[in-house]
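Undergrad: Give me coordinates for this.
(one chain, ligands or ions: 2)
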Amino acid sequence: MTAAHPTAAHLTVAEVRLTPILVADPPLLNTQGVHQPYTPRLIVEVVTADGTTGVGETYGDTKYLELARPFAERLKGRQVSDLNGLFTLADDLAVDRSRISGQVDVGGLRGVQTADKLRLSVVSAFEVACLDALGKALGLPVHALLGGKVRDSVEYSAYLFYKWAAHPDGVPSEPDDWGAALDPAGIVAQARRFTERHGFTSFKLKGGVFPPEQEIAAVRALAAAFPGHPLRLDPNGAWSVATSLVVAKELGDVLEYLEDPALGTPAMAEVAAGTDVPLATNMCVTTFAEIPEAFTRGAVQVVLSDHHYWGGLRNTRQLAAVCATFGVDVSMHSNTHLGISLAAMTHVAATVPGLHHACDSHYPWQSEDVLTERIAFEGGRVTVSDAPGLGVELDRERLDRLHRRWLDDDGTLRDRDDTAAMRVADPDWVTPAVPRW
Ligand SMILES: O=C([O-])C(=O)C[C@H](O)[C@@H](O)C(=O)[O-]
Ligand SMILES: [Mg+2]
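TA: Ligands and ions are numbered 1, 2, ... in the order given. The predicted structure follows:
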């Protein structure tokens, strides 16, 4: 029950539930390989002394679970309003060096992997769950707890992927109705389906899969099919500086921005110096520590924030403020996620002034969710909820079903590995060396 004037006692965390799940994912291709048929996520529930439950969601791979478990224990007895305290708590979490040394996250698609970033990726789910619980207790939406919305809906872009029609034969998976997309016609057909189903008007193509000429042809086909619509191409750092400049020249008249054409700040700075096409990143600026070099070198013009690894919704707002100071735009990156995270993304995006680019979201690719009601895109936009908390409700039966799938897995799918998933179809596949082209 929610108190009219919640006291400290009401806001005390009495219980924390962690539920690792495996979520169906279509065979989406990227430069590292292909998505697994099921991807791990972690659902966090924070329950207060008066029985109010807040929910959060983050990456569910083993290295995140290892930190989430001790963190959950330490959270008990604290106040859901003590959001700054979450970071102090996280500082004490010991990170196994083998989880970070010499590694980049998920095949390198999400930038550097540091102990702090790992901790922040865990903290973010608890921060969102605490905000949800606090909002419910106070009768206020999460955006109000962040200072209030400056828009009533948030625009998202269609996240186009090269994809197979189905996961390899013999691999247990859920069928999808998107069909294959392996050439320009397939990508345009996929984009049309996105607009029919969700009304998106801006498009991002995940590149780095085929040689750049083929991806240039796909973007040209999109430009012909959707004249004047914002288009982006993201090869996840698969190109050399020289190749990036060729692509920028070829597509400069139709691109809203190029996303991580080359890997790392020095290479991005070189590309930026040779083209007027803005560069966006979710790879070379993924922590506050990476900002000074990237911004002073003019390496990026748009930072694609991801509240999961930036440490939550309040850190995302801090990032937006730093970006604004330097005249750098901010928008949003996305990985496979469910409705809890989409709700969280929408609340924070609603509070950020000067959001000039549609945010990314993988959500349309997820046929499964843990909510009682899926979040809808209308005209490519999500309406900002004014209901208390995030404005979403957990469907316990759905959560249990996806958790059972995680329990039944022998460990093969519990850590996302796009290279290993590709090896099922192509036994000789190895993570491509970068630059690939
Ligand atoms: O924008 C990005 O770079 C991403 O979303 C990285 C992701 O890992 C994406 O490429 C994926 O899930 O294949
Ligand atoms: Mg990207």
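Undergrad: if I pick the nearest residue to Ala324 once chain neighbours are set aside, what's in contact with it?
TA: Closest residue in space to Ala324, ignoring its immediate chain neighbours: Gly354 at 6.5 Å, by Cβ to Cβ, 6 or more residues apart in numbering. The C-beta positions use only the backbone N, C-alpha and C, and glycine is treated the same way. Gly354 sits next to 324, 329-330 when contact means Cβ atoms under 8 Å, 6 or more residues apart in numbering.
Undergrad: Put the buried members of these into a PyMOL selection.
TA: Buried members of the contacts of Gly354, defined by 16 or more other Cβ atoms under 10 Å, are picked up in PyMOL with:
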select buried, resi 329+330
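Undergrad: so of the contacts of Gly354, which ones are in strands?
TA: 329-330 (DSSP state E).
Undergrad: out of the contacts of Gly354, which one sits closest to Asp50?
TA: Of all the contacts of Gly354, Asp50 sits closest to Val330, with 36.3 Å by Cβ to Cβ.
Undergrad: What's opposite the closest one in the beta bridge?
TA: Val303 (DSSP bridges).
Undergrad: Just the element for Leu160, please.
TA: strand 158-161 (DSSP states H and E).
Undergrad: From the contact counts, what lies against that strand?
TA: Counting contacts by 3 or more Cβ pairs under 8 Å, 6 or more residues apart in numbering; DSSP states H and E, strand 158-161 packs against helix 184-198, strand 203-206.
Undergrad: right, so those: which one is the most enclosed?
TA: Ranked by mean neighbour count, those are led by strand 203-206 with a mean of 26 (mean count of other Cβ atoms under 10 Å).
Undergrad: Does it reach ligand 1?
TA: Yes: against ligand 1, strand 203-206 shows contacts by Cβ under 6 Å from any ligand atom at Lys206.
Undergrad: same check, this time on stretch 57-67
TA: No: shown here: stretch 57-67 not in contact with ligand 1 (Cβ under 6 Å from any ligand atom), separated by at least 10.7 Å.
Undergrad: pLDDT score assigned to Phe194?
TA: Turning to Phe194, the model gives it a pLDDT of 98.
Undergrad: Spatially nearest residue to it (excluding sequence neighbours)?
TA: Nearest one to Phe194, counting by Cβ to Cβ, 6+ apart, is Ala158 at 3.6 Å.
Undergrad: Give me the neighbour count for the one you found.
TA: Using other Cβ atoms under 10 Å, Ala158 has 28 neighbouring residues.
Undergrad: Run through the residues that contact it.
TA: By Cβ under 8 Å, 6+ apart, Ala158 lies in contact with 191, 194-195, 198, 200, 202-204, 364, 380.
Undergrad: Check Ala267 too.
TA: 237, 240-241, 244.
Undergrad: circling back: closest one to ligand 1 out of the contacts of Ala158, please.
TA: Lys204 (7.7 Å; Cβ to the nearest ligand atom).
Undergrad: Let's verify the closest residue to that closest one other than its chain neighbours: helix, strand, or coil?
TA: Spatially, and ignoring its direct neighbours in sequence, Lys204 is nearest to Arg232 (4.3 Å; Cβ to Cβ, 6+ apart). At Arg232 the chain is in strand, as set by DSSP: H, G, I helix; E, B strand; the rest coil.
Undergrad: ok, now which ones touch the closest residue to Ala14 other than its chain neighbours?
TA: Of all residues not flanking Ala14 in the chain, Ala49 sits nearest, at 4.7 Å (Cβ to Cβ, 6+ apart). Ala49 is in contact with 9-14, counting by Cβ under 8 Å, 6+ apart.
Undergrad: Thanks again, I'm all set now.
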